[in-house]
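A.B. asks: this is the structure alone, sequence omitted:
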């Protein structure tokens, strides 16, 4: 398995930081993903915009297209 | 079934929040979607732009391309 | 048939609102579309830019790429 | 034939308005197009940028990618 | 042959104006192109940015992706 | 093997600079990549935005789509 | 071989100027490329942003996606 997917797989059920193109960032627990789109599901996510807290989301699906980084 | 699609499927007929690239956000009832584009149909949707209410739409089709997050 | 296409099909010959990425919006009668691009044809369309009326167009083809929402 | 292509085909040798993502607009005679890219050729075209006239072009090829609307 | 490619082919060794998304424009002699990307090669090209001259380039390859118009 | 991939392969376990479209830049140790997307994994990464330090990340996955340059 | 690739091939081991969408420009020696992505490798590259020098890079991989022009 390729390294990026391996890292993603190992991050399941752990906290990750996900950054989107628009400056939105999500901190939450990685609940799942799909291949090859890399759409993600986060649980207990906190959404920030340019570092400002915006809201909490119990569950959120993030489209892979807009993701620029994922950090376990 | 992949987790993102599973979450989407479970959200059918329930309220969801959908965010688009342009800062538009829709709160409404998920009435359907297609695969793999993830075009969505919302019913009884409220449209906001950067958190400002804009209007209510009985039905709206949202093109998957522009969606950045979906939260049940 | 997937729900988004079903809604689009049912909207044929009825008034729809179509929003584009650029802030352009068209109100007109849905005269046709193609699959999978979702290019649309509207008749008797009124074009607005950020809610300001711009002009009326007897017929207009809208490229699916730029469409973000369609509301019957 | 799909409706959008049918309208385009009927517009051959007639005047059309073509709008691009960048705010450029062309008024000219539709001389040809290709499928599926929808690259267009206009003759005797007048180019405007945000409604300001820029220049006249005897012939111009417009890449389909950047086109957002075509009005016969 | 489709009309857009036919016009491009007839323009070989002649002067063309090529506009890019970024507001860059090139005036030069069309030395070649490829299909389907429509990457172009211009010779003796003059580069302008928003109509301001920037420099002369003996040869330049322009990626088709960024091209919005080509005028012979 | 193509030269770009060869250079990337030779950079494994070495420090690289990776620039993204958004002005974000990462300095870290290249831990892996996939083909053809060129998603990267960096270890011990320092993130900067327009040259201003932002934070340190033990591990980060960078989506290939948004990468504009990689320098060993 | 198509003309754009032919020009690129002839430029191997010679100085080229490469412009990216973001206004970044690289002057360096073309060390390699791949097809069809046109990812490039430059050696002894100087990076400028809107004509201002930024830094020198011994080796840099440039993703083809973001390239708008290449001039030998």
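C.D. replies: Arrived safely. Quantities reported herein were computed from a predicted structural model and do not represent experimental measurements. Residues are numbered from 1 along each chain as shown, chains lettered A, B, ... in the order given.

A.B. asks: and the average pLDDT for stretch A:42-62 is what?
C.D. replies: Across stretch A:42-62, pLDDT averages out at 96.

A.B. asks: that one near chain B at all?
C.D. replies: Yes: residues of stretch A:42-62 contacting chain B under CB under 8 Å from any CB of the partner chain: A:57-62. Heads up, the C-betas are built off the backbone N, CA and C, glycines and all.

A.B. asks: center of chain A, which residue is that?
C.D. replies: residue A:18 (3.9 Å; CA atoms, centre = their mean).

A.B. asks: give me the nearest residue to that one, chain neighbours excluded.
C.D. replies: Nearest non-adjacent residue to residue A:18, counting by CB to CB, 6 or more residues apart in numbering or on different chains: residue A:26, 4.7 Å away.

A.B. asks: what is the host helix or strand of the one you found packed up against?
C.D. replies: Using DSSP states H and E, residue A:26 falls within strand A:24-33. In this structure, strand A:24-33 makes packing contacts with strand A:15-20, strand A:40-49, strand A:52-62, helix B:3-10, judged by 3 or more CB pairs under 8 Å, 6 or more residues apart in numbering or on different chains; DSSP states H and E.

A.B. asks: parallel or antiparallel, list what pairs with the longest one.
C.D. replies: Think strand A:52-62. strand A:40-49 (antiparallel), strand B:67-71 (antiparallel) (DSSP bridges).

A.B. asks: and those, which is most packed in?
C.D. replies: strand B:67-71 (a mean of 23; mean count of other CB atoms under 10 Å in any protein chain shown).

A.B. asks: show me what contacts the residue of chain A found nearest chain F?
C.D. replies: Proximity of chain A to chain F (CB to the nearest CB) peaks at residue A:3, 2.3 Å away. By CB atoms under 8 Å, 6 or more residues apart in numbering or on different chains, the contact list for residue A:3 reads F:31-34, F:41.

A.B. asks: swap in 10 Å and give it another go.
C.D. replies: By CB atoms under 10 Å, 6 or more residues apart in numbering or on different chains, the contact list for residue A:3 reads F:12, F:30-34, F:39-41, F:61.

A.B. asks: thought residue A:4 was touching residue F:61?
C.D. replies: Yes: here residue A:4 reaches residue F:61: they are 5.0 Å apart, a contact under CB atoms under 10 Å.

A.B. asks: picking up where we left off before, which of the strands paired with strand A:52-62 sits closest to residue D:48?
C.D. replies: Distance to residue D:48, taken as CB to CB, is lowest for strand B:67-71 among the strands paired with strand A:52-62, at 32.7 Å.

A.B. asks: so the closest one versus strand B:24-33, what angle?
C.D. replies: Computed by axes from the mean of the first three to the mean of the last three CA atoms, to 10 degrees, the angle separating strand B:67-71 from strand B:24-33 equals 70 degrees.

A.B. asks: re the thing from before, format the strands paired with strand A:52-62 as a markdown table; extra columns: distance to residue F:46.
C.D. replies: Below are the strands paired with strand A:52-62 laid out as a markdown table (distance: least, CB to CB, whole Å):
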| stretch | distance to residue F:46 |
| --- | --- |
| strand A:40-49 | 20 |
| strand B:67-71 | 27 |
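
A.B. asks: and of these, who's closest to residue G:68?
C.D. replies: Of all the strands paired with strand A:52-62, strand B:67-71 comes closest under CB to CB, at 25.9 Å.

A.B. asks: quick check: mean pLDDT of the closest one?
C.D. replies: 97.

A.B. asks: starting at the chain centroid, how far to stretch A:9-16?
C.D. replies: 10 Å (CA atoms, centre = their mean, to the nearest Å).

A.B. asks: is chain B contacted by it?
C.D. replies: Yes: legend: contact between stretch A:9-16 and chain B by CB under 10 Å from any CB of the partner chain is shown at residue A:12.

A.B. asks: tally of neighbours for residue A:13?
C.D. replies: 10 (other CB atoms under 10 Å in any protein chain shown).

A.B. asks: quick revisit: let me have the helices and strands packed on strand A:24-33 in TSV, extended by distance to residue E:66.
C.D. replies: Formatted as TSV, the helices and strands packed on strand A:24-33 follow (distance: least, CB to CB, whole Å):
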stretch	distance to residue E:66
strand A:15-20	24
strand A:40-49	30
strand A:52-62	28
helix B:3-10	32
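
A.B. asks: relative to residue B:53, which of the ones you listed is closest?
C.D. replies: Set against residue B:53 and scored by CB to CB, these come closest in strand A:52-62, at 16.4 Å.

A.B. asks: what angle do that closest one and helix B:3-10 make?
C.D. replies: 90 degrees.
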